[in-house]
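> turn this into a model:
(chains A and B)
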Protein chains: 2
Amino acid sequence: MKIDTTLYLVTDSGNMTEETFLNKIESACEGGITLLQLREKERSAREYLSLARKVKKIVRRYNIPLLIDDRIDIALAADADGVHVGQSDIPVADARKILGPGKIIGATAKTAKQAVEAFQQGADYIGAGAVYPTGTKKDTWQISPSDIRAIVQAVPIPVNAIGGLNRNNLEILSDTGIAGICVVSALMQAPQPMLEAWALRAAFFRLKGRSPMV
Amino acid sequence: MKIDTTLYLVTDSGNMTEETFLNKIESACEGGITLLQLREKERSAREYLSLARKVKKIVRRYNIPLLIDDRIDIALAADADGVHVGQSDIPVADARKILGPGKIIGATAKTAKQAVEAFQQGADYIGAGAVYPTGTKKDTWQISPSDIRAIVQAVPIPVNAIGGLNRNNLEILSDTGIAGICVVSALMQAPQPMLEAWALRAAFFRLKGRSPMV
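Numbers count the residues shown, from 1 in each chain, chains lettered A, B, ... in the order given. Below is the predicted model:
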């Protein structure tokens, strides 16, 4: 499935009220995110599903696909557009079997080997990181820009960088060939996610040497 | 789907090695459990799935259905016989939609109202408890034998009691009309689960006023 991973928001509702959380998401949609992953590992399945349905109502108005982190059953119950699975989640091959060909499946990879495996099992894109240390995910470790470049060169699907990215620190990714960036805090913690999304898009397109206006 | 809930083992691998865990399960199968629920909330989805596949190989030799706690996606990936969902898991109606009519769905209920709701949404049986305080599940509270009796009378599907049950403390359930008992520690912590399962069956049939040999 063809997807635009240019500016990919991974959520973190943290200590926000639900209202604040949904408002931030709507604002980020207005600012031009192209993909959204709901990642709510701390919630019960019932709360996760309830939130997924609310987020879906927002993102569908902007034609932005909704992916669910880890829980394929919640993606099915909410009729989301797909899932994102990490190396300790259900393997991509099993996810593809459960979801069928019409849904998006993204996978985390830290090495070219993991990326190739995910691609061969049916992944539509790769998230590679962490580029920088990040407070929103504890069980992760950093990889270098050249690791990311190796992943990009190993697979024919879009590869996004993730991990502590913001509009001021993308420069080290300039030669990696990434298709887009995943951000969590840069948007979720921004007072005005719409403006921040716009700035992130601009920073990414500058990195790629083309204008966001074209 | 018609199921025998007489002696229903809910697993808790705790600090056991995988080998010990699988041996205990096999021993319990030999002793006459009639249903098994794999409940491994602390594990990653990948580990949960891997363990589900191993347990399935054992229980299928004894014709014992395998249910997965909470994770419908893992039940699908492992081709288990169904799921068990609590009040904070995916609702029964959504689970039924995802799994279709051929799979078993069990639900936890603490009141007749919850039980009726689960039945109307497509549940095949009800687990009602906790009868006694239990160390294996923290987020629960006790209900009385008369609460359980009210649940039994409210729904036409099997109702099992759960919560700290062992072969010596079933007496208070004698007038409840339960279809069976769910046990965790009584079997998982038993040195010889086979013998313990036999004793539990005997105790339950004694409670019901009939012989396990008939």
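
> spell out which parts of chain A neighbour chain B.
Residues of chain A lying near chain B by C-beta under 8 Å from any C-beta of the partner chain: A:44-47, A:49, A:70-74, A:76-77, A:87-91, A:94-95, A:97-98. Just so you know, the C-beta spots here come from the backbone N, C-alpha and C atoms, and that holds for glycine as well.

> what is the longest helix along chain A packed up against?
When chain A is parsed with DSSP state H, its longest helix is helix A:45-61. Applying 3 or more C-beta pairs under 8 Å, 6 or more residues apart in numbering or on different chains; DSSP states H and E, we find helix A:45-61 packed against helix A:18-31, strand A:35-38, strand A:66-69, helix A:72-77.

> other residues contacting the second one?
For strand A:35-38, contacts defined as C-beta atoms under 8 Å, 6 or more residues apart in numbering or on different chains pick out A:3-5, A:7-11, A:25, A:28-29, A:48, A:51-52, A:55, A:59, A:64-69, A:80, A:84, A:106, A:180, A:182.

> if you set the cut-off to 7 Å instead, what comes out?
Strand A:35-38 is touched from outside by A:3-5, A:8-11, A:51-52, A:55, A:59, A:64-69, A:84, with contacts defined as C-beta atoms under 7 Å, 6 or more residues apart in numbering or on different chains.

> now swap in stretch A:124-141 and tell me
With contact meaning C-beta under 7 Å, 6+ apart, stretch A:124-141 is reached by A:1, A:3, A:5, A:12, A:84, A:104-110, A:115, A:118, A:142-143, A:148, A:151, A:155, A:157-165, A:169, A:173, A:182, A:184-185.

> same question, stretch A:170-189
A:5-12, A:24, A:28, A:127, A:131, A:136, A:145, A:148-149, A:152, A:158-162, A:165-166, A:193, A:196-197, A:200, A:203-204, A:207.

> could the C-alpha coordinates of that stretch be exported in CSV?
The C-alpha coordinates for stretch A:170-189 follow below in CSV (Å, rounded to 0.1, in the frame of the first residue of the first chain):
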residue,chain,number,x,y,z
LEU,A,170,17.5,16.9,11.4
GLU,A,171,20.8,18.0,9.7
ILE,A,172,22.6,14.8,10.5
LEU,A,173,20.1,12.8,8.5
SER,A,174,20.8,14.7,5.3
ASP,A,175,22.6,11.9,3.5
THR,A,176,20.5,9.0,4.7
GLY,A,177,17.8,9.0,2.0
ILE,A,178,15.0,8.8,4.5
ALA,A,179,11.4,9.1,3.2
GLY,A,180,10.2,11.0,6.2
ILE,A,181,10.5,11.7,9.9
CYS,A,182,8.6,10.3,12.9
VAL,A,183,8.1,12.6,15.8
VAL,A,184,6.5,12.3,19.2
SER,A,185,7.3,15.1,21.7
ALA,A,186,8.1,17.7,19.0
LEU,A,187,4.4,17.8,18.2
MET,A,188,2.8,16.4,21.3
GLN,A,189,4.6,18.9,23.6
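
> what mean pLDDT does it get?
Per-region confidence: stretch A:170-189 scores 96 on mean pLDDT.

> what about it, distance to the chain center?
Stretch A:170-189 has its average C-alpha position 10 Å from the chain's average C-alpha position, going by C-alpha atoms, centre = their mean, to the nearest Å.

> pick the most buried one from the helices and strands packed on helix A:45-61.
For those, the largest average neighbour count (mean count of other C-beta atoms under 10 Å in any protein chain shown) is found in helix A:72-77, namely a mean of 28.

> pLDDT on the helix or strand following that helix, on average?
Next along the chain after helix A:72-77, taking DSSP states H and E as the criterion, comes strand A:82-85. Across strand A:82-85, pLDDT averages out at 98.

> now for the helix or strand following strand A:82-85, which elements pack on it?
Under the assignment DSSP H and E, the closest C-terminal helix or strand after strand A:82-85 is helix A:92-99. For helix A:92-99, the packing partners by 3 or more C-beta pairs under 7 Å, 6 or more residues apart in numbering or on different chains; DSSP states H and E come out as helix A:72-77, strand A:82-85, strand A:104-109, helix A:112-121, helix B:72-77.

> okay if I get the ones you listed as CSV plus distance to residue A:36?
Supplementary listing: these in CSV, determined by distance: least, C-beta to C-beta, whole Å:
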stretch, distance to residue A:36
helix A:72-77, 13
strand A:82-85, 10
strand A:104-109, 11
helix A:112-121, 20
helix B:72-77, 20
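
> tell me which of the ones you listed sits nearest to residue B:40.
Evaluated over these, closeness to residue B:40 peaks at helix B:72-77, with 9.1 Å, by C-beta to C-beta.

> pLDDT averaged over that closest one - what is it?
Average pLDDT, helix B:72-77: 98.

> and the contacts of it?
A:71-73, A:90, A:94, A:98, B:45, B:48-49, B:52, B:68, B:82-83, B:90, B:95, B:98-99.

> before we move on, the earlier item: quick one: buried ones out of the contacts of strand A:35-38?
Among the contacts of strand A:35-38, the ones that count as buried by 16 or more other C-beta atoms under 10 Å in any protein chain shown are A:3, A:5, A:8-11, A:51-52, A:55, A:59, A:64-69, A:84.

> and residue A:156, how far from chain B?
Using C-beta to the nearest C-beta, to the nearest Å, residue A:156 is found at 25 Å from chain B.

> so what pLDDT did residue A:213 get?
The model reports residue A:213 with a pLDDT of 53.

> where are the low-confidence patches of chain A?
A:1, A:136-139, A:210-214 (pLDDT under 70).

> for burial, what's the neighbour tally of the closest residue to residue A:26 other than its chain neighbours?
Closest residue in space to residue A:26, ignoring its immediate chain neighbours: residue A:58 at 5.2 Å, by C-beta to C-beta, 6 or more residues apart in numbering or on different chains. Residue A:58 has 17 neighbouring residues, counting by other C-beta atoms under 10 Å in any protein chain shown.

> try the one 5 residues further on
Look at residue A:63: counted by other C-beta under 10 Å, it has 8 neighbours.

> alright, calling it a day.
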